[in-house]
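*Asks:* sharing a model that was predicted from the sequence below.
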Amino acid sequence: MVNWILKKIVGSKNQREVRRLRKVIEQVKAFDPQLATLSDDELRAKTAFWQGELAQISDYGEQQVYLDRILCEAFAVVKEGARRLCGKEEMVCGQPIAWNMVHFDVQLIGGIVLHQGKITEMATGEGKTLVATLPLYLNALTGRGAHLVTVNDYLAKRDSEWMGILFRFLGLTVGCIQNDQPPEFRRQQYQCDITYGTNSEFGFDYLRDNGMATTRETQVQRGYSYAIVDEVDSILVDEARTPLIISGPSTVTTQQYDAFKPIVEQLVKKQALLCNRLATEAEELFASGKKEEGAKVFFKLKLGQPRHRSFLRTMEDPELRRAIEKAELSYFGDTMKEELFRIKEELYFIIDERAHESDLSEMGREFLSPGDPDSFVLPDLISEFAEIDLDTSLSEAQKLEEKAKRQAFCDKQAERIHCITQLLRAFCLYEKDVQYVIEENKVVIVDEYTGRKMPGRRWSDGLHQAVEAKEGVQVDRETQTLATITIQNYFRLYSKLAGMTGTAETEANEFHDIYKLDVVVIPTNQPCIRKDLNDLIFKTRREKFNAVINELKVAHARSQPVLVGTVSVETSELLSRMLKREKIPHTVLNAKFHMQEAEIVARAGQPGSVTISTNMAGRGTDIKLGPGVVEAGGLYVIGTERHESRRIDRQLRGRCSRQGDPGLSRFYVSFEDDLMRNFGAADRMTKIMERFGMKEGEELEHPWLNKSVETAQRRVEQRNYSIRRRTLEFDDVMNKQREVVYGLRNETIETDEPRRIVYEIVDETIPAKVDSFLEESESGPDYASLLGWINSTFPLGITAEKAGFEGKTPEEISNWIIAKVKSSYEIKSQHEDADAVKGIERYIVLNAIDRLWQEHLYGMDALREGVHLRAYGQKDPLIEYKNEAYEMFVELMATIKNEILHNLFRSASNLQSFEQFLASLPQHMLHQQGGGEESILSGLAEEKPAAQAQPLFPPIRHAEKVGRNDPCPCGSGRKYKSCCGRKA
Ligand code: ADP
Ligand code: MG
């Protein structure tokens with residue numbers, strides 16, 4: 001009853017709207033006489049005039065106001081164009097087609113609804129393809145591009161060529177996106193005023209443009225202004241359950257980590273031995289009263305193994321702790337720099353617990369790759385590029401090739417270093433059953449505050465893989481998501497969206513809730529005289545199909561064409577076999593070969609033809625009746641099963657009785673159909689049937705029974721809608737993240753000043769870092785770690801004295817560091833080729849985003865699967881997902897920024913030589929020869945080796961490496977080569 005009342009209200013609202021629009025149509029038609037007097041060129045000139053006017057208006061909203069104002073005249077121009085084309089023959093998809101259409105009044109109404117950004121429901125055969133020409137023309141005048149979305153490539157091509165006749169006549173360009181087109185071609189298609197294509201082509205182009213392209217030239221789309229989605233229910237409802245996904249070989253594997261694990265394990269063991277010796281030494285020094293010396297050795301131990309038991313124990317004693325902290329701070333003084341560098345070089349690697357970082361020393365590198373310590377050093381790209389540019393023996397093409405090669409090498413190198421670093425962290429900072437547990441062959445993170453397990457969560461930046469490699473557990477995924485978007489979220493990008501279909505009414509709620517799209521039902525041009533018969537209900541499928549075949553025989557005998565709809569390919573084939581036995585000629589369609597299908601479906605209205613088709617097949621092609629078919633009752637549509645959704649059934653019925661043709665439709669249903677079994681309709685009906693006294697082998701029909709079936713359908717629709725909503729709610733989380741990341745990416749690609757982006761990151765990251773190091777904690781501000789972080793990120797060689805942090809506010813400190821970083825970078829890049837620097841800056845930003853974002857997507861997939869496993873409380877997985885996705889995202893952005901800063905100063909290295917160069921010119925002449933003092937602290941950073949000299953500024957060598965015959969730095973008294981330097 002409520003429903004009925006609702007329908008009345010909705011119905012009458014719809015009627016009022018249509019009545020209102022009819023009045024507007026009168027205004028459109030009022031232009032006809034006047035336009036008829038114009039020459040073709042004068043008619044076309046209207047287009048150019050409006051385009052010119054709209055080009056003057058930059059504001060989107062104001063443009064829309066203008067469009068509303070010219071709507072009536074513009075529609076009249078399109079209609080006049082169609083009138084003038086009548087009788088003209090042109091090729092469409094390789095076949096000659098004579099234009100024979102002038103917009104009907106109801107089509108004009110449909111056009112207005114589309115322009116308003118709503119869904120127009122117009123029955124099959126009402127000519128929606130032509131309707132779309134009106135709002136497409138109007139909205140394309142803005143020059144922002146208008147898109148028409150079709151269900152398949154064939155329709156995109158057909159409709160763009162067919163309607164293209166009209167658009168070109170009016171002076172607009174039309175493009176069409178097809179699956180196999182190369183990027184340059186696609187770009188041209190998007191440049192056209194109007195572009196046809198399928199939803200997946202549009203969506204994938206979006207993902208490629210925003211997630212993969214690295215230059216403006218390789219992006220093909222140009223904005224999302226207006227789109228009309230044809231068969232909108234099929235695209236926004238049926239296909240919306242599966243998101244568009246670009247997948248590729250998984251970037252997340254433990255493979256490389258597995259490969260490096262054995263050697264890193266050995267390295268860690270070596271360091272452990274060395275640290276044990278240090279611990280003994282320190283304890284002995286303390287015991288013999290040499291507090292200062294002991295504290296120094298403990299500091300060294302902390303650098304090498306911050307979790308060493310002896311060290312931790314000693315730190316519990318407040319007095320000893322103070323001594324160690326004092327020693328630590330003293331190492332960051334100017335006079336101690338050399339000393340600090342030396343003790344660091346006496347370890348294999350350095351672990352910074354606070355910053356969760358690790359760094360290889362020269363000795364460590366030598367151990368990993370004996371005789372070739374450079375294999376774990378990043379090349380200096382800028383100077384390499386500069387050298388290439390100066391090389392006159394190379395052609396431009398060769399130069400590009402050479403640069404690409406160096407870049408690739410640099411990437412590979414960076415990956416190796418990264419891999420080793422993460423493994424070191426996994427071994428030295430992450431403990432099983434503390435930070436993580438192993439469950440079902442998976443590394444499950446344990447929340448450090450609550451101690452609860454977090455299945456599905458992954459550490460980022462390769463750390464998780466490193467821990468997996470350490471524990472020997474497998475990552476089994478071969479492919480992963482590289483980019484993904486739901487169809488819903490793709491279409492939400494458009495400033496204005498519209499849709500058309502024969503069947504939208506039943507889904508009006510969903511369109512409204514999710515897309516903010518209202519549905520307006522447009523009356524047919526001719527009254528529809530189709531007869532929808534009651535469903536025929538059978539006990540078994542066998543009885544049902546037999547009845548269908550009998551009915552087909554009868555219809556065939558009177559030469560009435562029949563279209564048989566099935567819900568599956570299987571049923572199509574079963575029916576086909578049964579018909580073969582009866583020797584009834586027929587065709588079967590399965591929604592695979594769109595073009596051939598269109599031709600076959602077009603013939604389905606010929607006398608005596610029998611066409612079996614799944615409900616998707618041949619969509620978008622209308623069925624014209626052959627001679628004599630009207631007399632035989634028109635096209636007969638038989639549904640062999642009720643679909644889950646009422647809408648699809650309506651769609652099938654709508655294939656007959658187009659434009660006032662006669663026609664007939666009937667559904668055959670059995671108790672054994674999925675819908676009936678799964679949704680309780682059968683039980684209810686069995687009761688009804690018992691009352692009717694139905695016997696085996698009998699069929700039944702009654703309007704009440706139709707209702708029962710529809711109730712079951714409504715239930716399924718409801719359930720499917722919740723599934724789609726859910727998918728969307730989950731994707732909304734991703735969507736926000738995607739917007740931020742794609743935004744940053746696009747800004748990087750588009751900007752002429754990539755440095756601005758880098759500097760913004762500097763401005764943001766440094767204060768955050770400073771705060772985190774200096775925040776009030778029981779141990780007080782951690783100046784030493786802050787210095788460590790600065791120097792390992794920016795090779796500036798900043799010392800405690802120079803910095804003079806103590807007594808300054810965090811803000812002052814941040815500002816000081818920021819200024820230092822920027823000025824150094826400015827000086828450095830002044831001497832480089834400006835374009836090369838820009839290129840590298842852009843590359844560094846994109847590279848960090850892409851690598852980490854893809855890993856993040858992998859993590860998000862895992863999280864999504866994982867949250868459902870969380871069995872605590874009565875928590876909603878969606879809320880869990882939202883919260884953790886947010887945390888992961890915050891972490892992702894921080895990691896991206898950190899990596900950008902890190903790499904920026906890596907490939908543009910040797911900054912400290914500039915510092916020195918500036919500080920004292922004469923000194924710089926000396927420094928270039930041997931180990932300069934300023935360079936000492938930069939041992940924290942990955943320094944580039946002497947061999948890769950900077951052309952402008954001669955490199956500064958580190959303090960000497962430990963020679964093979966030197967005393968071993970571990971203090972054993974043996975020679976280095978026969979002690980720690982022994983090859984593994
Ligand atoms: P729909 O998409 O609404 O099912 P189509 O756009 O495929 O319908 O058009 C169905 C048929 O109607 C086409 O053969 C087309 O040529 C014809 N048609 C559409 N509009 C007109 C018109 N105004 N005058 C004559 N024929 C028309
Ligand atoms: Mg159509």
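*Replies:* Cool, got the structure. Ligands and ions are numbered 1, 2, ... in the order given.

*Asks:* now Glu90, what are its backbone angles?
*Replies:* phi -140, psi 160 (degrees, to the nearest 10).

*Asks:* against Met101, how distant is it?
*Replies:* 13 Å (CB to CB, to the nearest Å). No exception for glycine: its C-beta is placed from N, CA and C like everyone else's.

*Asks:* which one of these two has more residues nearby?
*Replies:* Neighbour comparison, Glu90 and Met101: the larger count goes to Met101, with 18 against 15 (by other CB atoms under 10 Å).

*Asks:* residue contacts, that one?
*Replies:* Ala82, Cys86, Gly127, Leu130 (CB atoms under 8 Å, 6 or more residues apart in numbering).

*Asks:* any idea which residue of the protein lies closest to ligand 1?
*Replies:* Minimum separation of the chain from ligand 1 (CB to the nearest ligand atom) falls at Gly127, amounting to 2.4 Å.

*Asks:* gap between the two ends of stretch 532-542?
*Replies:* Start-to-end span of stretch 532-542 (CA to CA, to the nearest Å) is 24 Å.

*Asks:* give me the mean pLDDT for that stretch.
*Replies:* What stretch 532-542 shows for mean pLDDT is 90.

*Asks:* ok so, going back, Ser568 versus the closest residue in space to the residue of the chain closest to ligand 1 that isn't next to it in sequence, what's the distance?
*Replies:* Of all residues not flanking Gly127 in the chain, Gln107 sits nearest, at 5.8 Å (CB to CB, 6 or more residues apart in numbering). Taking CB to CB as the measure, Gln107 falls 35 Å from Ser568.

*Asks:* who has more neighbours, the two?
*Replies:* Gln107 (26 against 14).

*Asks:* can you tell me the SS state at the more buried one?
*Replies:* helix (DSSP: H, G, I helix; E, B strand; the rest coil).

*Asks:* if I look at it, what pLDDT would I see?
*Replies:* In this model, Gln107 carries a pLDDT of 97.

*Asks:* surely it touches Thr129?
*Replies:* No: if you go by CB atoms under 8 Å, Gln107 and Thr129 don't touch, sitting 10.1 Å apart.

*Asks:* so Thr799 touches Ser330, yeah?
*Replies:* No: between Thr799 and Ser330 there is no contact under CB under 8 Å: 11.3 Å.

*Asks:* looking at those two, which one has more neighbours?
*Replies:* With neighbours defined as other CB under 10 Å, Thr799 and Ser330 compare such that Thr799 has more, 22 against 18.

*Asks:* ok, that one to ligand 2 distance?
*Replies:* 74 Å (CB to the ion, to the nearest Å).

*Asks:* what packs against the helix or strand hosting Lys326?
*Replies:* For Lys326, the host element (DSSP states H and E) is helix 318-330. Judged by 3 or more CB pairs under 8 Å, 6 or more residues apart in numbering; DSSP states H and E, the packing partners of helix 318-330 are helix 291-304, helix 309-315, helix 783-793.

*Asks:* for the stretch 551-700 of the chain, what lies in contact range of ligand 1?
*Replies:* Within the stretch 551-700 of the chain, the positions lying close to ligand 1 (CB under 6 Å from any ligand atom) are Asp622.

*Asks:* which residues of the stretch 551-700 of the chain lie near ligand 2?
*Replies:* Taking CB under 5 Å from the ion as the measure of proximity, the stretch 551-700 of the chain contacts ligand 2 at Gly620.

*Asks:* which residues of the stretch 551-700 of the chain fall in helices?
*Replies:* For the stretch 551-700 of the chain, the helices defined by DSSP state H, counting those that start in this stretch cover 569-581, 594-602, 646-653, 674-678, 681-692.

*Asks:* quick one: closest of the ones you listed to Glu402.
*Replies:* Glu402 lies closest, by CB to CB, to one member of the helices of the stretch 551-700 of the chain: helix 594-602, at 46.7 Å.

*Asks:* pull out the buried positions in the closest one.
*Replies:* Neighbour-count burial for helix 594-602, counted by 16 or more other CB atoms under 10 Å, picks out His594, Met595, Glu597, Ala598, Ile600, Val601.

*Asks:* now do the one helix or strand Asn815 maps to against helix 783-793, angle only.
*Replies:* Assigned by DSSP H and E, Asn815 falls within helix 810-830. Going by axes from the mean of the first three to the mean of the last three CA atoms, to 10 degrees, helix 810-830 is angled at 20 degrees with respect to helix 783-793.

*Asks:* what is the following helix or strand past helix 810-830 packed up against?
*Replies:* Downstream of helix 810-830, the first helix or strand assigned by DSSP H and E is helix 834-867. Using 3+ CB pairs under 8 Å, 6+ apart, the elements in contact with helix 834-867 are helix 381-390, strand 479-485, helix 703-750, helix 754-774, helix 877-907.

*Asks:* quick check: the residue of the chain closest to ligand 1 touching Gly111?
*Replies:* No: judged on CB under 8 Å, Gly127 makes no contact with Gly111 at a distance of 10.9 Å.

*Asks:* which of the two has more neighbours?
*Replies:* Higher neighbour count among Gly127 and Gly111: Gly111, with 32 against 20, using other CB under 10 Å.

*Asks:* now do the residue nearest to that one when sequence neighbours are not counted against Ala557, distance only.
*Replies:* With CB to CB, 6+ apart as the criterion, Gly111 has its nearest non-adjacent residue at 3.2 Å, and that residue is Leu134. If you measure Leu134 against Ala557 using CB to CB, the figure is 45 Å.

*Asks:* of the two, who's got more company?
*Replies:* Leu134 (27 against 10).

*Asks:* contact partners for the more buried one?
*Replies:* Ala74, Phe75, Val78, Lys79, His103, Gln107, Leu108, Gly111, Ile112, Leu114, His115.

*Asks:* for Tyr490, same thing?
*Replies:* So Tyr490 contacts Asn199, Phe202, Gly203, Tyr206, Leu244 (CB under 8 Å, 6+ apart).

*Asks:* now, the residues you listed that are in helices?
*Replies:* Asn199, Phe202, Gly203, Tyr206 (DSSP state H).

*Asks:* for Arg719, find the nearest of the helices of the stretch 551-700 of the chain.
*Replies:* It is, among these and with distance given as CB to CB, helix 674-678, at 10.2 Å.

*Asks:* other SSEs contacting the closest one?
*Replies:* Applying 3+ CB pairs under 8 Å, 6+ apart, we find helix 674-678 packed against helix 681-692, helix 703-750.

*Asks:* what helix or strand does Gly197 sit in?
*Replies:* Counting by DSSP H and E, Gly197 is part of strand 194-198.

*Asks:* mind listing what that strand pairs with, with the direction of each?
*Replies:* strand 146-150 (parallel), strand 174-176 (parallel) (DSSP bridges).

*Asks:* check whether that strand comes near ligand 1.
*Replies:* No: against ligand 1, strand 194-198 shows no contacts by CB under 6 Å from any ligand atom, the least distance being 13.3 Å.
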